[in-house]
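**Student:** Fold the following.
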Amino acid sequence: LSSTSGTLEYRAEEGKTYTVTGYYKLKANDATSNKKSVRLSTGGTSSELGKATYSVSANGQSVSNGGTITGTSVNVSTSGPSGHTMVISCNGSSQTVSCGSSATISGLTAGNSYTITFTEKNANDESKTIGSIHFTVQGEQTQSE
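**Tutor:** Numbering: from 1, shown residues only. Have a look, this model is predicted:
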């Protein structure tokens, strides 16, 4: 720009990140004094976090936070923007699935409590924890060692 301010118009693609760099002079000579760079993100479906959802079920029934289930496994279903993944963590173990996929967590033990935490990741490897659910596996009264 030849003046002290101005507007640059650029047609940005959705879901992209751009770095805009400008050079400025402190005096009216030809030497470049400094530069200023700014990273801009257009948002869009491929970079926005917090859009993914999840549900947990056991034996075909929805599992509610603080609930009790029977059985030794739960099914987790996810949905979200294309290109995003979901990290599903349960008591120290984790697995990553594409949003829109399902996963099974098995090997749950009667009488124990579990917490599943859901972390959404976008294509830029940014992440956001979007929620968790805590439940207990119904204990068996007739267990013997």
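**Student:** Identify the bridge partners of residue 118.
**Tutor:** residue 88, residue 131 (DSSP bridges).
**Student:** ok, now which ones touch it?
**Tutor:** Residue 118 sits next to 52, 54, 78, 86, 87, 88, 89, 129, 130, 131, 132 when contact means Cβ atoms under 8 Å, 6 or more residues apart in numbering. No exception for glycine: its C-beta is placed from N, CA and C like everyone else's.
**Student:** Neighbour-wise, which one of those residues leads?
**Tutor:** Within the contacts of residue 118, most neighbours by other Cβ atoms under 10 Å means residue 86, with 26 neighbours.
**Student:** element containing the residue lying closest to it once chain neighbours are set aside?
**Tutor:** Excluding the flanking residues, the one nearest residue 86 by Cβ to Cβ, 6 or more residues apart in numbering is residue 78, at 4.5 Å. If you go by DSSP states H and E, residue 78 is part of strand 73-79.
**Student:** ditto for residue 40
**Tutor:** Secondary structure assignment for residue 40, by DSSP H and E: strand 34-41.
**Student:** just residue 13 next, same as before
**Tutor:** Using DSSP H and E, no helix or strand contains residue 13.
**Student:** confidence score at it?
**Tutor:** For residue 13, the model assigns a pLDDT of 70.
**Student:** Any figure for the gap between it and residue 87?
**Tutor:** As judged by Cβ to Cβ, to the nearest Å, residue 13 and residue 87 stand 27 Å apart.
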